[in-house]
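Asks: following is a predicted model, sequence given first.
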Amino acid sequence: MSVVSSQNAEHYLWGDNCDGWHLAKSPNLSVIQESVPSGSAEIRHYHAHSEQFFYVLSGVATLELDGTIHQLAANQGLHVPALARHQLSNSNAETLVFIVVSTPPSHGDRISA
């Protein structure tokens, strides 16, 4: 095992201009740091099996969860149960940086809503 950060973790791109880094990646757990520029959003979706926890490091996340809008500032988080329709976006001027923990991992378990 070695110390991991966004400097040495596996990187991927998502959406039009967002970044993700796999900080932990196993069959049972996914921990990802993501960066979302101002004006960017993911598509509304849900996961059949994965539950997630979103935790904001910097910026402000707008997280719509089953029709309720949540504004998450730095050092705030929100649990998203499996089957809950949700969409994360950044409508603020500052880049949003957050951690998303998924169990089991959510890649391959995303269904457009």
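Replies: Nice, thanks for sending it over. Everything quoted here is computed from the prediction, not taken from an experiment.

Asks: quick one: contacts for the residue nearest the centre of the chain?
Replies: Centroid-nearest residue in the chain, with CA atoms, centre = their mean: residue 100, separated by 4.3 Å. Going by CB atoms under 8 Å, 6 or more residues apart in numbering, residue 100 touches 30, 31, 32, 34, 52, 53, 54, 55, 106. Bear in mind the C-beta positions are built from the backbone N, C-alpha and C, glycine included.

Asks: determine which two of those residues are furthest apart.
Replies: Maximum pairwise distance among the contacts of residue 100 (CB to CB): 15.0 Å, between 55 and 106.

Asks: ok, and the most crowded of the contacts of residue 100?
Replies: Most neighbours among the contacts of residue 100, by other CB atoms under 10 Å: residue 32, with 24 neighbours.

Asks: is it true that that residue touches residue 99?
Replies: Yes. With contacts counted by CB atoms under 8 Å, residue 32 reaches residue 99, the gap being 7.0 Å.

Asks: list residues touching both of those two?
Replies: Common neighbours of residue 32 and residue 99 (criterion: CB under 8 Å, 6+ apart): residue 23.

Asks: ok, what's across the strand from residue 111?
Replies: Residues in a beta bridge with residue 111, per DSSP bridges, are residue 46.

Asks: could you count how many residues lie near it?
Replies: Neighbour count of residue 111, defined by other CB under 10 Å: 10.

Asks: got it, and residue 83?
Replies: Other residues lying near residue 83 total 13 when counted by other CB under 10 Å.

Asks: find the nearest non-adjacent residue to it, please.
Replies: residue 46 (5.7 Å; CB to CB, 6 or more residues apart in numbering).

Asks: any figure for the gap between the one you found and residue 34?
Replies: For residue 46, the distance to residue 34 equals 18 Å [CB to CB, to the nearest Å].

Asks: and residue 49, what is it in contact with?
Replies: Counting by CB under 8 Å, 6+ apart, residue 49 makes contact with 82, 104, 109.

Asks: buried subset of those?
Replies: By neighbour count, with 16 or more other CB atoms under 10 Å, the contacts of residue 49 hold 82, 104 as buried.
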